[in-house]
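Asker: The sequence and its predicted three-dimensional model are supplied below.
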Amino acid sequence: MRINTETRVVENLSRKGFYLAFQDIGACVALLSVKVYYKTCPATVKSLASFPETVAGGENHALREVSGVCVDNAVSEELPRIYCSVDGEWVVQVGQCQCRPGYEEVQDACHECQPGFFKAHAVSDKCEPCPANTQRLNTGALFCPCMDGFYRAPTDPPTGACSGLPSAPQDLMATTTQLSAGKLLLSWSPPEDTGGRTDITYSVECQRCEGTTCQPCGEKIRYEPASVGLTDTKVSVSELDAHLNYTFTVEAHSGVSVFASQATPRAHKPPSTSALTTYLHYTDPPKITSIRLVERTSTSLSLSWDISPQPRAQHRAIRYEITYRKKDDNLDGTTYVVHRFEKNSVQINDLTSGTAYLFRVQALGSDGSPGGSSMEEQFETSSEGHLTQNNTAIIFIAAVGAAAMLFIVFVVLFLRRRKRNSHARQGPEDTYFSSSDQLKPLKTYVDPHTYEDPNIAVLKFASEIHPSHITKQKVIGVGEFGEVYRGNLKVPGRKEVTVAIKTLKPGYTEKQRQDFLSEASIMGQFSHQNIIHLEGVVTKFKHAMIVTEYMENGALDRYLRDHDGEFSSFQLVGMMRGIAAGMKYLSDMNYVHRDLAARNVLVNNTLECKVSDFGLSRVLEDDPEGTYTTSGGKIPIRWTAPEAIAYRKFTSASDVWSFGIVMWEVMAFGERPYWDMSNHEVMKAINEAFRLPAPMDCPSAVYQLMLQCWLQDRSKRPRFGDIVSLLDKLLRSPDSLKTIADFDPRVSIRLPSTSGSDGSPFRSVSEWLESIKMSQYSENFTCAGIVTMDQILQMKNEDIKNIGVRLPGHLKRIAYSILGLKDQTSTLSVFAV
């Protein structure tokens, strides 16, 4: 028997029911069964939306849209929808529900967040654990509130961790410099507890105290870079008065510091401020504001002067230096007379009647440091006749008194010299053991070339830095092995610092790489404030680098040339003292530098000098200052001791010789030692006992130390400990720098007499200025109408000043050159500016 099955769809019903009828048309067919049914999409929950059971549509309505509702504690921006197919299956859902804040989805239902968890938004995410420093509330938390003493910054999201106030900055200290009176550097370390934040800034407040009374320092005080919003851990403070107590308060801030007033003190939480009281010991002399004529006679003038006001605590012993000369003296024979007094008035005797004199008064501090001077003022003696008998008697008595006073001064000086000599015999050990820091045991330098594998030496003495922590910014020079960059170093856990980055040029050999890194192996063994500091090296990557601290002012020789005449002898001696301290440290470690020169000393923005360039243990193939020796290496002849040139005998004593040359460079403001002499001429001159002459304005005590450093017998040269001790004494007694060494301008500054370098007379003023390195004043001479050498020869001291030459060193250089052009053979009188 054959059974056929047929399916028919009945749709578009308009009534509540329908009839089914079957007609027999007479065929041999029997109706076995009839099945009547309809399809539905079952009730379901999808994406947190509940949909009811729905009858499927007919063939003409393939999909039937059905709206759903969100389950309990779920929400939706729009009504969720889904389609029911003719086959009774749900397809194509549109829109979905999400658990509301404080709830999370668990098996198609929304359940409250458990205690210690929260959810802030209606999203599909799970509940999150409460962040650090927040309270654990009951179930269903939208956020976790901060614990007592912790806060969220206004810019923090409410779901973020809570932060505490930062603790106080650590290690607050004040550093003064002898080179900048009234200025100090405040520095500190970051807080031990940052409160869990990285946006730490600092502010500095100042109070000045006289006795028990303190008040804000006011707007007079200068902060560099600023007093608030500091991201670095140091600030320079200037315009401070001497002999006052200053209290500096440094406060750490973060994004939550705005809530500090609401903070409830916690037993384990220190305050966010750190305070320091300091006292400046420098003496700032007042300025002379005016000079007055009190009385005059035919042979004397009585003068008094006013000084600028001083803080009460700064009223200390002040002396005055009065300088005078006849007005009509010319440049060739001008003689200045100098007197010192402790009162602000004076009577000058033994003057010529009816003569005009020019006076200038300068204040001196109790330590001898110069203060502001007055303008040059003119006063004239009266034109009376001969002295009376009375006046003669007065002058005779005054002369006797002066002679007695000179005798007393001579005796006092003699006794003081004996006492000073007895101190000098104590030896350098007394100085060496005078500081607790110097009692610490010193390491001994280890030559990295003694290692079979130089890479081991680098790893032993230097820290490896990942290149990703280094950012190059600008090329600042070219070294022997490659370019030198200024950049930044940001190591995790440390503050970002500016650094110098030495690189190794492409195409290097393995030996060049080892020589390059050997300098780092040497530097890594040193730790001293006057030795350049090694931050680390990059050796494990293709491009090797040496990273050192960055010195803003660059090489000392170039810096001095750029600031010719701008520093006092006191400041220059302070620079020498720093270099000597660094060399003493190296000498104590048994390290011989071999290439000490001003070009290898770097200067930072506080004028602190640091010894650098420790690469002369290698062969200096590219050094323009070197000359070939029999061994094939190069030696910087102008800076090297004769025994080191002749026998390659390098010792600390040969470094002392080099230090003497550096002292000369400093006092000569970067002048090239031995000028344009060839290396052969330099060696010949030294062997014939020639020594560099004293630079212009060089204190006699400083030049004598240079000569001691240049003794032929190296065993008689001073040690660096002796040099540091002597320079310290000079800095403690600035008066000792007043005595100037004998100076011949035609030798000491290599001024030409009448001609240029080719032997022919100078053809123009600009050519002459170029020869004495004063070409920056060419326009000044032209504007003043001085365009011929004959006019130059007629110039006097006042003429040079009047055309706009203000720096004392430049005034003297030009004036001395004019003397050289006139071929002066007589003894030079004192030239004061």
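Answerer: Perfect, thanks for sending it. Numbering: from 1, shown residues only.
Asker: what residue ranges in the stretch 251-400 of the chain score low on pLDDT?
Answerer: Low-confidence segments of the stretch 251-400 of the chain (pLDDT under 70): 262-270, 279-286, 308-317, 329-338, 365-373, 384-400.
Asker: 80 - rerun?
Answerer: Residue ranges of the stretch 251-400 of the chain with pLDDT under 80: 260-272, 276-289, 307-319, 328-342, 363-376, 384-400.
Asker: Break down the stretch 351-500 of the chain into its strands, ranges please.
Answerer: With strands called from DSSP state E, counting those that start in this stretch, the stretch 351-500 of the chain shows them at 356-364, 370-373, 377-380, 470-478, 483-489, 497-503.
Asker: Give me the buried stretch members for the third one, please.
Answerer: Read it as strand 377-380. By 16 or more other C-beta atoms under 10 Å, the buried positions in strand 377-380 come out as 377, 379. No exception for glycine: its C-beta is placed from N, CA and C like everyone else's.
Asker: Grab the most central residue of this protein for me.
Answerer: What sits nearest the mean C-alpha location of the chain, by C-alpha atoms, centre = their mean, is N605, with 4.8 Å.
Asker: Please pull out the lowest mean pLDDT helix or strand from this protein.
Answerer: helix 428-432 (a mean of 33; mean pLDDT, DSSP states H and E).
Asker: residues contacting V787?
Answerer: By C-beta atoms under 8 Å, 6 or more residues apart in numbering, V787 lies in contact with 764-765, 781.
Asker: How about the secondary structure of it?
Answerer: Secondary structure assignment for V787 (DSSP: H, G, I helix; E, B strand; the rest coil): coil.
Asker: If we ignore the residues flanking it in sequence, what's nearest E295?
Answerer: Once flanking residues are discounted, E295 sits nearest to S302: 4.1 Å by C-beta to C-beta, 6 or more residues apart in numbering.
Asker: tell me which element the one you found falls in.
Answerer: Take DSSP states H and E as the rule and S302 turns out to sit in strand 301-307.
Asker: List the buried residues in that strand.
Answerer: Of all the residues in strand 301-307, those buried under the rule 16+ other C-beta under 10 Å are 301-303, 305, 307.
Asker: cool, stretch 535-555 as well?
Answerer: For stretch 535-555, a neighbour-count test (16+ other C-beta under 10 Å) marks 535-539, 544-551, 553-555 as buried.
Asker: surely P115 meets N138?
Answerer: Yes: counting by C-beta atoms under 8 Å, P115 touches N138, with 5.8 Å between them.
Asker: With neighbour numbers in mind, choose between those two.
Answerer: Neighbours per residue, other C-beta atoms under 10 Å: of P115 and N138, the larger number sits with P115, 13 against 10.
Asker: which ones are touching that one?
Answerer: 136-139, 141.
Asker: A457 now?
Answerer: Contact partners of A457, counting by C-beta under 8 Å, 6+ apart, are 446, 448, 451, 518, 521.
Asker: Of those, grab the buried ones for ChimeraX.
Answerer: Buried members of the contacts of A457, defined by 16+ other C-beta under 10 Å, are picked up in ChimeraX with:
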select :446,448,518,521
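Asker: Show me the two of the contacts of A457 that sit farthest apart.
Answerer: Farthest pair in the contacts of A457 (C-beta to C-beta) is V446 and S518. Separation: 11.8 Å.
Asker: The strand holding S302 pairs with which strands?
Answerer: Using DSSP bridges, the strands paired with strand 301-307 in its sheet are strand 288-296 (antiparallel), strand 345-348 (antiparallel).
Asker: Now that strand - C-alpha only, CSV.
Answerer: Extracted C-alpha coordinates of strand 301-307, given in CSV (Å, rounded to 0.1, in the frame of the first residue of the first chain):
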residue,chain,number,x,y,z
LEU,A,301,90.6,118.2,51.6
SER,A,302,88.2,116.8,54.2
LEU,A,303,85.5,114.5,52.8
SER,A,304,82.6,112.4,54.1
TRP,A,305,80.3,110.0,52.4
ASP,A,306,76.9,108.3,52.8
ILE,A,307,76.2,104.6,52.6
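Asker: Quick check: next helix or strand after it?
Answerer: Counting by DSSP H and E, what follows strand 301-307 is strand 319-326.
Asker: tell me what that following strand is packed against?
Answerer: strand 337-341, strand 345-348, strand 356-364 (3 or more C-beta pairs under 8 Å, 6 or more residues apart in numbering; DSSP states H and E).
Asker: Check which residues of the shortest one are buried.
Answerer: Right, the one you point to is strand 345-348. Under 16+ other C-beta under 10 Å, the buried positions of strand 345-348 are 346, 348.
Asker: Dump it to PDB, restricted to CA.
Answerer: Once non-C-alpha atoms are left out, strand 345-348 reads as follows in PDB (Å, rounded to 0.1, in the frame of the first residue of the first chain):
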ATOM      1  CA  SER A 345      85.100 110.500  56.700                       C
ATOM      2  CA  VAL A 346      88.700 111.400  55.900                       C
ATOM      3  CA  GLN A 347      91.100 114.300  55.700                       C
ATOM      4  CA  ILE A 348      93.600 114.000  52.800                       C
END
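Asker: Let me see the contact set for the residue nearest to F781 when sequence neighbours are not counted.
Answerer: Closest residue to F781 apart from its sequence neighbours, by C-beta to C-beta, 6+ apart: V765 at 5.3 Å. V765 makes contact with 778, 781-782, 786-789, 791-792, according to C-beta under 8 Å, 6+ apart.
Asker: Can you pull the phi and psi angles for V765?
Answerer: When quoted as degrees, to the nearest 10, the phi and psi of V765 stand at phi -70, psi -40.
Asker: Over to N780?
Answerer: phi -60, psi -50.
Asker: ok, it - how many residues close by?
Answerer: With other C-beta under 10 Å as criterion, N780 counts 16.
Asker: What distance do you get for it to F118?
Answerer: 76 Å (C-beta to C-beta, to the nearest Å).
Asker: Help me confirm that I800 is found in a helix?
Answerer: Yes: read with three-state DSSP, I800 is one of the residues of a helix.
Asker: Next, count neighbours for it.
Answerer: 23.
Asker: quick one: pLDDT of it?
Answerer: Listed pLDDT for I800 reads 87.
Asker: Spell out which residues sit in contact with it, please.
Answerer: Contacts of I800 (C-beta under 8 Å, 6+ apart): 811, 814-815.
Asker: what's the pLDDT at S631?
Answerer: Looking at S631, its pLDDT reads 37.
Asker: residue ranges with poor pLDDT in the stretch 451-600 of the chain?
Answerer: Those would be 451-455, 479-480, 542, if you go by pLDDT under 80 across the stretch 451-600 of the chain.
Asker: Now with 90, please.
Answerer: The stretch 451-600 of the chain contains residues with pLDDT under 90 at 451-463, 477-482, 491-495, 504-520, 527, 539-544, 562-567, 589.
Asker: Can you lay out the contacts of A457 as CSV showing distance to S353?
Answerer: Formatted as CSV, those follow (distance: C-beta to C-beta, whole Å):
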residue, distance to S353
V446, 77
P448, 78
Y451, 84
S518, 76
S521, 77
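Asker: V547 belongs to a strand?
Answerer: Yes: looking at V547 with three-state DSSP, it is inside a strand.
Asker: That one and S518: what is the separation?
Answerer: Distance, V547 to S518, using C-beta to C-beta: 16 Å.
Asker: With distance to M405 and pLDDT added, can I get the contacts of P115 in a markdown table?
Answerer: Shown next, in a markdown table, are those (distance: C-beta to C-beta, whole Å; pLDDT from 0 to 100):
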| residue | distance to M405 | pLDDT |
| --- | --- | --- |
| R136 | 89 | 82 |
| L137 | 91 | 77 |
| N138 | 96 | 80 |
| T139 | 99 | 87 |
| A141 | 93 | 89 |
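Asker: Looking at the residues you listed, spot the one nearest G582.
Answerer: The closest of the contacts of P115, once distances to G582 are taken by C-beta to C-beta, is R136, at 58.2 Å.
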